[in-house]
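Visitor: Pasted the sequence and its predicted model underneath.
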Amino acid sequence: MADGDGLRLHDGRWLKIQAAAEPVVEVSHRDPEQLTRLAWHLGNRHLPTQIGHAVLRIRPDHVIEAMLESLGANLVKMRAAFQPEGGAYSSHGERHHVHSDASVHRRER
């Protein structure tokens, strides 16, 4: 389950899933084309990466951070929810599925 998903209980009430904050590094670049290049480098290394509007988010890794800075990235360390892309073979594309008597609904991304 991901941040924003919901779980409908037997009695009809809903529980909303809220991801816990964790240490992350937000990656940005003033040039959108260069940000795309940075995303390629992260993907080439198979790193879990959250893709946002004009930013990428990764877990802290001093080696990767040095590489990104050498490519002109701006890095900001913070604590925030981390919801990386699931990849082509993950189940994040599912809208919902049912576990026993409870329903799980995923928000569209």
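Guide: In hand now; what should we look at?

Visitor: Can you give the distance of the lengthiest helix in the chain from its chain's centre?
Guide: Counting by DSSP state H, the longest helix found in the chain is helix 32-44. Mean-position distance between helix 32-44 and its chain equals 15 Å (CA atoms, centre = their mean, to the nearest Å).

Visitor: Show the subsequent helix or strand relative to that helix.
Guide: Moving toward the C-terminus from helix 32-44, the next helix or strand (DSSP states H and E) is strand 50-52.

Visitor: does Glu26 really touch Ala54, like I thought?
Guide: No. Here Glu26 does not reach Ala54: they are 10.2 Å apart, not a contact under CB atoms under 8 Å. The way it works is simple: take the backbone N, C-alpha and C, and place the C-beta from them, glycine included.

Visitor: Looking at these two, which one has more neighbours?
Guide: The neighbour count for Glu26 versus Ala54, taken as other CB atoms under 10 Å, is higher for Glu26 (17 against 9).

Visitor: What sits closest to the more buried one if chain neighbours are left out?
Guide: With CB to CB, 6 or more residues apart in numbering as the criterion, Glu26 has its nearest non-adjacent residue at 4.5 Å, and that residue is Val76.
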